[in-house]
Structure formats: structure tokens, C-alpha cells
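Asker: The sequence and its predicted three-dimensional model are supplied below.
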Amino acid sequence: MVALFLALLVVAITPRLLAERPSKEKPTALIFGTVWDPDSRAVYGVKVKIRRADEKKYRWELYSDHRGEFAQRVPAGKADYVVTADLKGFKPPPGKHLQPVQEVTVHIENEERADIGLHLIW
């Protein structure tokens with residue numbers, strides 16, 4: 001009888017203890033984007049750089065995948081981020097020369113996903 005009582009007590013208390021345990025992970029937001037060429041085709045292998053708008057140095061560098069997509073987690077909370085394509089060392093198709101149109105500013109409020117597109121020109 002005592003064993004049954006202890007088992008029920010453990011089952012009743014365990015979910016409450018797990019719910020009260022603080023998470024070790026900090027909340028994040030997601031900047032998700034696609035790099036597009038002038039013909040609206042996704043571009044693979046483009047270096048994407050991301051920084052906070054109030055900083056000069058880029059904090060994150062990543063590359064677009066085979067679908068032209070990239071994703072970067074950033075700290076949750078109100079902040080603006082600048083996203084740009086860095087084409088140094090990128091090999092465009094023969095006879096073509098790609099260049100970025102402009103930087104894209106992304107506004108993050110909280111834990112959220114922001115979708116953007118980086119459009120390149122010939």
C-alpha cells in the first residue's frame with residue numbers, strides 16, 4: 001500500500017517539477033530568407049552576412065543552400081538587423097556578373113520568424 005502511495009505521489013509531483021524548471025536555452029527569433037537572381041531563380045552558395053543595425057561588424061555569416069535559402073537564429077527581443085549578400089569569391093554563370101541590389105533591414109520584436117528575400121541584379 002505504501003509503495004502504491006509513493007508511486008502515485010511521484011506521478012502527481014513530477015510534471016509540476018518539470019514545468020517549474022527554468023529553461024537553459026535563451027529565447028530566439030529566426031531570420032529566414034532566399035537569395036534570388038534577376039530571373040527570379042534561387043541562387044546557391046551566396047554568402048549572407050547579418051549584423052545588428054546599431055553595429056558595424058557582422059555577427060553571422062552563412063551560405064544559401066541549394067534552394068537559395070538561409071536561416072539564422074538571433075536573440076529574441078526588439079532589434080533591427082541588416083542582411084546583405086557578399087558576392088566576393090562567388091562564381092556566377094559564364095558571361096554574367098551578379099551584384100547585390102541593397103541591404104535588407106529586418107525588424108524583430110520577440111520570438112518570431114521573419115521571412116525576407118535578397119534580390120541580386122546582373
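Answerer: That came through fine. Because the structure is a prediction, the values reported are computed rather than measured.
Asker: OK, contacts around the closest residue in space to residue 42 that isn't next to it in sequence?
Answerer: Excluding the flanking residues, the one nearest residue 42 by Cβ to Cβ, 6 or more residues apart in numbering is residue 68, at 2.7 Å. C-beta coordinates here come from the backbone N, C-alpha and C atoms, glycine included. Applying Cβ atoms under 8 Å, 6 or more residues apart in numbering to residue 68 gives the contacts 34-36, 41-44, 46.
Asker: Sort out for me which of those residues are in strands.
Answerer: 34-36 (DSSP state E).
Asker: buried subset of the contacts of residue 68?
Answerer: 34-36, 42-43, 46 (16 or more other Cβ atoms under 10 Å).
Asker: would you turn these into CSV with distance to residue 58 and pLDDT?
Answerer: Formatted as CSV, the buried ones among the contacts of residue 68 follow (distance: Cβ to Cβ, whole Å; pLDDT from 0 to 100):
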residue, distance to residue 58, pLDDT
34, 19, 98
35, 16, 96
36, 21, 95
42, 22, 96
43, 19, 95
46, 14, 95
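Asker: Closest one of the residues you listed to residue 28?
Answerer: Residue 28 has its nearest neighbour among those in residue 34, at 20.2 Å by Cβ to Cβ.
Asker: That closest one and residue 104 touch, don't they?
Answerer: No - judged on Cβ atoms under 8 Å, residue 34 makes no contact with residue 104 at a distance of 11.3 Å.
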